[in-house]
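# Predicted model follows, preceded by the sequence.
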Amino acid sequence: MTYLIFGATGNIGSRVTERLIARGERPAVFVRDARKATSRFGDQVDIHVGDLEKPRSSLAAALAGVDGVFLVTEGPDLDARDRAVADAASAAGVRHLVKLSTLDVHTGVGTGPWHARGEAAIRDRGVAFTFIQSAGFMSNALGWSHAIRERGVLRSSTGAGTIAFIHPDDIADVATAALVERDHDGQALIITGPEALSYGEMAAAIGRAIGRRVRFEEISDQQAHASVVRWAGKGPYADALVDIWRAVREGRLATVSDVVPRILGRKARSFDRWAEENAEAFQ
Ligand SMILES: NC(=O)c1ccc[n+]([C@@H]2O[C@H](COP(=O)([O-])OP(=O)(O)OC[C@H]3O[C@@H](n4cnc5c(N)ncnc54)[C@H](OP(=O)(O)O)[C@@H]3O)[C@@H](O)[C@H]2O)c1
């Protein structure tokens, strides 16, 4: 089988690529920067250089002879890139496409509408699909590291609301299983972490991992927006994040699913474990 990974230099795509390599495969990667891919994977992958913003020629060449695709796309207009990849995959005779999507296609919150349009752009294109509808990533908590390191505090507008963040390794394990085993074609897999936690509980878990108390401080939506604009700028991304945090506070994102244990035959990794693995970032 030949696999092509989009987003291979990113958080989840790199993990899927590593898992395929560990299984003895030689995946291909579609990347903007060949040096970045080489420094990450050495000579264990075939590298196709291209940019999904300018897909025409590079996509067709990269997809020739490919059986399975793992697709990561971002931004409010990600459906245009999903459609371009699905069309090129269909033309190339690709058999299966696994898209990293979000649980929020069901809530309409945050990036949910972007991915709902992306999923619609892939359905009925003649390529079997699996959508990985993931909960928020535990690795989002790295965004708290500066405030926790400097001031021992996590400030958030999520109040006492809870969310079942998922470990990035579990997302990659499920995506790799879907790609390799082909048992989930035509399905949308809702995956979450093992339990829904409040941001206060996650702050406490990080505190336990670093051996120092981490306070939780509630802020308003306006304060949260002002703080995200400082690092991400104004626009749909900042709005989407504040939208997500409000939905957490209102208890609309507390879903916990059993799909990770059902597919992988073991428990989903806990936030405590993630915090221990990443303690250094908060010290
Ligand atoms: N964070 C969450 O809580 C969460 C929850 C559910 C779903 N999601 C979804 O997960 C996805 C993000 O996954 P991630 O965290 O693994 O992403 P990431 O770490 O930000 O990586 C993005 C990858 O996409 C590549 N890329 C970006 N623009 C490209 C282009 N024009 N052409 C080719 N490649 C391009 C990047 O390449 P470079 O290295 O060149 O930049 C990078 O490899 C998004 O769709 C997001 O909505 C996120």
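Nice, thanks for sending it over.
# Up against the ligand, what does the stretch 1-150 of the chain have?
7-13, 32-33, 36, 51-53, 72-74, 100, 102, 111, 134, 136-137, 140 (Cβ under 6 Å from any ligand atom). Every C-beta, even on glycine, is put in place using the N, C-alpha and C of the backbone.
# Narrow those residues to those that are buried.
7-9, 11-13, 52, 72-73, 100, 102, 111, 134, 136-137 (16 or more other Cβ atoms under 10 Å).
# Of all pairs in the residues you listed, which one is the farthest apart?
Longest distance between any two of these is 23.5 Å, between Leu52 and Gly136; criterion Cβ to Cβ.
# Going by residue numbers, what spans are strands in the stretch 1-150 of the chain?
For the stretch 1-150 of the chain, the strands defined by DSSP state E, counting those that start in this stretch occupy 3-6, 28-31, 46-49, 68-71, 96-102, 128-134.
# send the alpha carbons of the second one over as CSV?
These are the backbone C-alpha positions of strand 28-31, laid out as CSV (Å, rounded to 0.1, in the frame of the first residue of the first chain):
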residue,chain,number,x,y,z
ALA,A,28,5.0,9.8,0.9
VAL,A,29,4.5,13.3,2.3
PHE,A,30,3.1,16.4,0.6
VAL,A,31,5.0,19.4,2.2
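# can you pull the buried residues of that strand?
In strand 28-31, counting by 16+ other Cβ under 10 Å, buried: 28-31.
# Check this structure for the residue nearest the ligand and tell me.
Nearest to the ligand in the chain, going by Cβ to the nearest ligand atom, is Gly10, at a distance of 2.0 Å.
# In contact with that residue, which residues are there?
Listed by Cβ atoms under 8 Å, 6 or more residues apart in numbering, the contact set of Gly10 reads Val72.
# same check, this time on Gly68
Gly68 sits in contact with 1-4, 94-98, 179-180, where contact means Cβ under 8 Å, 6+ apart.
# circling back to that earlier point, would you format the buried residues of strand 28-31 as TSV with pLDDT and distance to Val153 included?
Compiled in TSV, these are given as follows (pLDDT from 0 to 100; distance: Cβ to Cβ, whole Å):
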residue	pLDDT	distance to Val153
Ala28	98	44
Val29	98	39
Phe30	98	40
Val31	98	37
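# of all the residues you listed, which two lie farthest apart?
Distance extremes for the buried residues of strand 28-31: the farthest pair is Ala28 and Val31 at 9.9 Å, using Cβ to Cβ.
# Pull up the overlap in contacts between those two.
Shared contacts of Ala28 and Val31 (Cβ under 8 Å, 6+ apart): 47-48.
# What residues sit buried inside the helix or strand encompassing Ala238?
Secondary structure assignment for Ala238, by DSSP states H and E: helix 236-249. Going by neighbour count (16+ other Cβ under 10 Å), the buried part of helix 236-249 is 237-238, 240-249.
# What is the lowest-mean-pLDDT helix or strand in the chain packed up against?
One helix or strand of the chain scores below all others by mean pLDDT, DSSP states H and E: helix 56-63, with a mean of 90. For helix 56-63, the elements it packs on are strand 28-31, strand 46-49, helix 78-92, judged by 3 or more Cβ pairs under 8 Å, 6 or more residues apart in numbering; DSSP states H and E.
# let's see 6 Å
With contacts defined as 3 or more Cβ pairs under 6 Å, 6 or more residues apart in numbering; DSSP states H and E, the packing partners of helix 56-63 are helix 78-92.
# tell me the angle of the helix it packs on relative to strand 128-134?
Taking axes from the mean of the first three to the mean of the last three Cα atoms, to 10 degrees, one finds helix 78-92 and strand 128-134 inclined to each other by 150 degrees.
# Show me which parts of helix 78-92 are buried, residue by residue.
For helix 78-92, a neighbour-count test (16+ other Cβ under 10 Å) marks 78-90, 92 as buried.
# need the helices for this protein, in chain order.
For the chain, the helices defined by DSSP state H occupy 11-22, 34-41, 56-63, 78-92, 112-122, 145-151, 168-181, 199-210, 221-232, 236-249, 259-264, 271-277.
# least reliable of those helices going by mean pLDDT?
Lowest mean pLDDT of the helices of the chain: helix 56-63, a mean of 90.
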